[in-house]
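**Student:** just the structure for this:
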Amino acid sequence: MTRRDIPLGFRADGTELRIPPVGSNLLIAGTSGSGKSSLAHGLLERLSDCGYQVCIIDPEGDYASVDQVIVFGNPQRGPSIEEVLTALDSPTAQVAVNLVGLPLKDRPAFFSDLLPRIQERQAQIGRPHRILIDEAHHLMPKQWEPASELTGRMTGMIFVTVHPEEVSSGVLRSVDAAVAMGEDPARTLGAYAERVGLSLPAGSWTLDQGEAVVWPVRTGGMPEQFGIAPSRGERRRHLRKYAEGELPQDRSFYFRGPREELNLRAQNLMLFCQLADGIDDATWLYHLQRHDYSNWIEGSIKDSDLAGIVRDVESLPSLSARESRLRIAQAIEARYTLPASGAQS
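**Tutor:** Residues are numbered from 1 along each chain as shown. From the prediction side, this is the model:
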């Protein structure tokens, strides 16, 4: 049954790309800064939202911001295996094992002791449903060997790495689907394929930020480009950027007025509301009647829902300048939690 599958992202035609919530193993690989963490965070959040338990092995403390996760270990103190296992007793607990407090040389040994204990529990009661291992090339390098027969039968795993070619071939052979991100996804998938003796289907992909290529290896499918479904944390960062950050000049809004006597730049939504409150009615109505506000929000803020609300306001000629200002400011504030503006004046 596929109705419980978890969204991974969206194809070019807008349809969802999904993966099974349990069982299959996923590799997420790509260059630094390519969006691996955003993809992994979003996937973990959606698993948790659907009632699945996750356990994250986090060598660098990158997953503390995942919603609802309980973190064991911090920079001053390493985690203990018993506290992790005790937390996993609760079916609603989402657990991150932060290894930053352990000396670098001790992390592989701790991981080799911890993983079989988690997998033993997984085999007995089916939880945790997913185990994510970040920096897999460090914890499961080329020479890595399973500590037990159970460890060799990995299931429900998510491996995240910058260097798939440095990961144990036994680990890579367990992968059901491989995701590549960054500047050269063909090279990343090729490195994975070479390690496991597969032939990568011919293809060339140029990815923008927030895009990836997935290769469904186990089913023999073709690699497919898609847009990743971002995490809530990523969406919150975008909200802050548009609310309070600084858009480039070519994406800012400019209040110019009917005779272009003004040149007031709004590089974010907060400044837009402040400037809107201070300009004269003629300037405000000039841009309103031209649908400049909704076009800017659609094209530069990339928020089609808010643009639709603003477009409706622009399409009501009976509204006064004061009332249209107020409605648009309230719509922006409701979506971006801005401080209350003085748009009621």
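**Student:** domain ranges for this protein, per the record?
**Tutor:** 6-229, 237-336 (automatic domain parsing).
**Student:** with mean neighbour count and mean pLDDT as added columns, please give these in TSV.
**Tutor:** Any C-beta I mention is one placed from the backbone N, CA and C, and that applies to glycine too. Formatted as TSV, these follow (neighbours: other Cβ atoms under 10 Å; pLDDT from 0 to 100):
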stretch	mean neighbour count	mean pLDDT
domain 6-229	18	89
domain 237-336	17	90
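**Student:** contacts only, for Gly23.
**Tutor:** By Cβ atoms under 8 Å, 6 or more residues apart in numbering, the contact list for Gly23 reads Thr155, Gly156.
**Student:** quick one: the strands in the protein, in order.
**Tutor:** If DSSP state E is used as the criterion, the strands of the chain fall at 6-10, 16-19, 26-30, 54-58, 69-72, 94-98, 130-133, 157-161, 177-181, 211-215, 224-228, 253-255, 264-266.
**Student:** and those strands as JSON lines, adding distance to Leu114?
**Tutor:** JSON lines is the format used below for the strands of the chain (distance: least, Cβ to Cβ, whole Å):
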{"stretch": "strand 6-10", "distance to Leu114": "25"}
{"stretch": "strand 16-19", "distance to Leu114": "25"}
{"stretch": "strand 26-30", "distance to Leu114": "20"}
{"stretch": "strand 54-58", "distance to Leu114": "7"}
{"stretch": "strand 69-72", "distance to Leu114": "11"}
{"stretch": "strand 94-98", "distance to Leu114": "7"}
{"stretch": "strand 130-133", "distance to Leu114": "10"}
{"stretch": "strand 157-161", "distance to Leu114": "14"}
{"stretch": "strand 177-181", "distance to Leu114": "25"}
{"stretch": "strand 211-215", "distance to Leu114": "29"}
{"stretch": "strand 224-228", "distance to Leu114": "29"}
{"stretch": "strand 253-255", "distance to Leu114": "52"}
{"stretch": "strand 264-266", "distance to Leu114": "51"}
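**Student:** quick one: closest of those to Ala243.
**Tutor:** Of all these, strand 264-266 sits nearest to Ala243, with 11.8 Å by Cβ to Cβ.
**Student:** for the stretch 201-345 of the chain, what spans make up the helices?
**Tutor:** Residue ranges of the helices in the stretch 201-345 of the chain, as given by DSSP state H, counting those that start in this stretch, are 232-244, 269-278, 281-289, 292-296, 304-314, 321-336.
**Student:** where's Phe253 relative to Asn295, distance?
**Tutor:** Using Cβ to Cβ, to the nearest Å, Phe253 is found at 10 Å from Asn295.
**Student:** now for stretch 141-159, what's the gap between its first and last residues?
**Tutor:** 12 Å (Cα to Cα, to the nearest Å).
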